[in-house]
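# Here you go, sequence then predicted model.
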Amino acid sequence: MTIGRVRLLTQLRDVQIVDRDDRDCGIVDDVELQGGPGEGLRVTAILVGPGAYRARLPRWAMRLVALIAGDRMVRVPWGEVAYISSTVQLAQTAQAYGLAEAEERARRLLPGIGGIDAPQ
Amino acid sequence: MKITELTLGILTAVGGFVDVSELVFMAQAGSRFQYALVWVIVVATVGMMVFGEMSGRVAAIAKQPVFNMMRHRLGLNLGLVTLIASLISNTITCAAEIGGVGIVLHLLTGFGLVPMAIAATFVFVATIWLLPFKWIERTYGLLGLFMVVFAVALVAIEPPWGEIVKGLVPQVPAGLSTTELLTYGYFAVAIVSAVMFPYESYFYSSGAIEEKWSEKDLGLNRLTTTVGFGLGSLLGIAILASSAQLFGPQGISPELPGTTALEAAIPFGRVGLLLALLGMLFAIAGAAIETCLSNAYSISQFFGWRWGRHLKPHQAPRFTFAWLAVFAIALAIVLTGIEPVALAEYAVVASILVLPLTYLPILLLAGDRSYMREHANGRIAKTLGWAYYALIVVAALGALPLYLLTEGGKL
């Protein structure tokens, strides 16, 4: 998928990610760039998960975040971004990128009961 | 527009507006300063209407819950500071609500506060686990309407209406000593904080997203924020005014929620007392659930997890663990033996410190035409929004010094 120019700070970083099925699956916590002196910069991947905060937060804050949300990070190749609006939509399901692992681990600890459907 | 849809506003107004902090501060304010703080309730309520309407509008148009936009607009560092500060203040508030429910159940049943607080927490967990969002809001919102007995009780004791009306005019009572002036200032700040608790906007906007609000719901949003919050405001004024009439002249300081319930018992006897206690029970219980869910919403939105009560608990597992953890921590705070009334005071001070960070992104996004299109803040909303923002910044700056100088309003 080709996406043209993107404003990194306002359109991409810290924006909600949803997968192909519109499921919330993280935030664009940082971006991976490629380029060199005199060349243009190209986004090569989005980095998802609190592990990507390392370069953005002081160490004490990172420890606190790890305590609440872990410190995992997943790299999603830029080509997997389907389109960008108020959210960043991925081309595949969250499972395909390993973005659902923490959710799955937590799910296994919960009973599959509960939650009565409200009548329409 | 269905009448039942208004219950979202009623829940926020009754369960959120009238919570344990509200009961404690309104009654004490009336007893100590008569009707001189009525205007603060009105001013703060209009502020809550302004920001509540904006957060609902942003949820309906930009489809952005508060903490998503908080992080996007404030950046990771400031967003994280806001998250942590609001988690702390909401958890203390949740503990105060659980303790408040424990007190009311103790008064109703005679069992100890601690076992009642534990039992109530289990009921809250079962409620959120089992019931759909709409049912939670209807159960606690509608049963919280027993609180109307406070308004009826005020009419029954035939208060000096002229004095209450005079209290609507912004004022500083004459003849107060410096200490009394500081205490008056502390109560004014505490009322602003209790009325504009940050969890209310988190809960309100997240609820709007859960209910999939869109452009067609803007009318409902306007109605719930004005009528719903207005109703809550009237109950707050009734509690303050009854206290001014019944407790102030006797030199009684109604520090405990049970004393506030006497406002309905004096004119209506046992029935009044029972209705007041039931109203307080459901209103405070509603607030306990709102504060807990607000924290779970905040964490989930900040980290981009699946969230929402429209999903079954195992479909949003990290969100589920978040609210379970908040209840566990809040209950643990109650079990340390800290008085629920002291917790309510801490909650109010902690919350006002968070308010400027909470409302700034809402104000910025509600005025951003690239997100909100023709529904961006107009001239009136913009003027009111920034005026109230300045007010809460001043209140936040004054809160801690006033709390320390007046020993939490006890001087």
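That came in fine, so what should we check first?

# Okay, strands next: where are they in the chain?
Defaulting to chain A. A:16-18, A:24-34, A:42-48, A:74-77, A:81-84, A:88-90 (DSSP state E).

# Tell me which of those strands sits most buried.
strand A:88-90 (a mean of 23; mean count of other CB atoms under 10 Å in any protein chain shown). To be clear about C-beta, it is placed using only N, CA and C from the backbone, and glycine gets the same treatment.

# now what about that one, what contacts it?
A:12, A:15-20, A:22, A:25, A:28, A:46, A:76, A:80-83, A:97 (CB atoms under 8 Å, 6 or more residues apart in numbering or on different chains).

# pLDDT of it, averaged?
Averaged over strand A:88-90, pLDDT sits at 94.

# Give the pairing partners of that strand; include direction for each.
Its sheet considered, strand A:88-90 pairs with strand A:16-18 (parallel), strand A:81-84 (antiparallel) by DSSP bridges.

# what does chain A put close to chain B?
Remark: the part of chain A in contact with chain B comprises A:14-17, A:23-27, A:29, A:48, A:50, A:53, A:56-57, A:61, A:64-65, A:68-69, A:86, A:102-103, A:106-107, A:109-118, using CB under 8 Å from any CB of the partner chain.

# Can you tell me which of those residues are buried?
Of the members of the residues of chain A next to chain B, the ones counted as buried by neighbours, 16 or more other CB atoms under 10 Å in any protein chain shown, are A:14-17, A:23-27, A:29, A:48, A:50, A:53, A:56-57, A:61, A:65, A:69, A:102-103, A:106-107, A:110, A:114-115.

# Show me the helices in the stretch 101-250 of chain B, by range?
For the stretch 101-250 of chain B, the helices defined by DSSP state H, counting those that start in this stretch cover B:113-130, B:133-143, B:148-156, B:161-166, B:178-195, B:198-210, B:218-223, B:229-246.

# And A:Thr93, how close does it get to chain B?
As judged by CB to the nearest CB, to the nearest Å, A:Thr93 and chain B stand 13 Å apart.

# what's that residue in contact with, if anything?
A:19-21, A:23, A:100.

# In a markdown table: those, plus pLDDT.
Shown next, in a markdown table, are these (pLDDT from 0 to 100):
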| residue | pLDDT |
| --- | --- |
| A:Asp19 | 95 |
| A:Arg20 | 95 |
| A:Asp21 | 93 |
| A:Arg23 | 92 |
| A:Ala100 | 91 |
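
# which of the residues you listed tops the neighbour count?
A:Asp19 (22 neighbours; other CB atoms under 10 Å in any protein chain shown).

# which residues make contact with the top helix by length along chain A from outside it?
Using DSSP state H to define each element, chain A has its longest helix at helix A:59-69. With contact meaning CB under 8 Å, 6+ apart, helix A:59-69 is reached by A:50, A:53-54, A:57, A:71, B:77, B:80, B:84, B:299, B:303.

# can you name the two of these that are farthest apart?
Across the contacts of helix A:59-69, the longest distance by CB to CB is 19.8 Å; it joins A:Arg54 and B:Ile299.

# For the closest residue to B:Phe319 other than its chain neighbours, report the pLDDT, please.
With CB to CB, 6 or more residues apart in numbering or on different chains as the criterion, B:Phe319 has its nearest non-adjacent residue at 4.2 Å, and that residue is B:Trp307. Note on B:Trp307: pLDDT of 92.

# so B:Trp307, which of the three states?
At B:Trp307 the chain is in coil, as set by DSSP: H, G, I helix; E, B strand; the rest coil.

# Neighbours of B:Leu87, how many?
20.

# That one against B:Ser300, yeah?
No - B:Leu87 lies out of contact with B:Ser300 (CB atoms under 8 Å); the separation is 12.0 Å.

# low-confidence ranges in the stretch 201-350 of chain B?
Low-confidence segments of the stretch 201-350 of chain B (pLDDT under 70): none present.

# Would you mind giving the strands paired with strand A:88-90 as CSV with mean pLDDT and distance to B:Leu142 added?
As requested, the strands paired with strand A:88-90 are exported to CSV (pLDDT from 0 to 100; distance: least, CB to CB, whole Å):
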stretch, mean pLDDT, distance to B:Leu142
strand A:16-18, 93, 34
strand A:81-84, 91, 43
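
# Please dump these into TSV; it should also carry distance to B:Val349 for every row.
Below are the strands paired with strand A:88-90 laid out as TSV (distance: least, CB to CB, whole Å):
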stretch	distance to B:Val349
strand A:16-18	32
strand A:81-84	41
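
# do you know which of the ones you listed lies nearest B:Ala285?
Here strand A:16-18 is closest among the strands paired with strand A:88-90 (CB to CB), at 31.7 Å.

# what sits up against the closest one?
With CB under 8 Å, 6+ apart as the criterion, strand A:16-18 contacts A:24-28, A:46, A:48, A:86-90, A:99, B:68, B:304.

# what do you get for stretch B:115-126?
B:98-99, B:101-102, B:105-106, B:109, B:285, B:288-289, B:292, B:324, B:327, B:330-331, B:334-335.

# re the thing from before, ok, the contacts of A:Thr93 vs chain B, which is closest?
A:Arg23 (6.2 Å; CB to the nearest CB).

# my guess is that closest one meets A:Ala94, correct?
Yes - with contact defined as CB under 8 Å, A:Arg23 reaches A:Ala94; the gap is 5.9 Å.

# And the helices in the stretch 251-400 of chain B, which stretches?
B:257-303, B:317-335, B:340-366, B:369-372, B:379-405.

# pLDDT at B:Val50, what is it?
95.

# neighbours around the one residue in chain B that gets nearest to chain A, how many?
At 3.2 Å from chain A, B:Lys312 is the closest residue in chain B, using CB to the nearest CB. By the criterion of other CB under 10 Å, B:Lys312 has 18 neighbours.

# Please report how far it lies from B:Val125.
Relative to B:Val125, B:Lys312 is positioned 15 Å away (CB to CB, to the nearest Å).

# B:Ile239 now?
29 Å.

# Can you give me the neighbour number for A:Ala66?
15.

# Write out the residues of the stretch 251-400 of chain B neighbouring chain A.
B:299, B:302-307, B:311-315, B:317-318, B:320-321, B:371.
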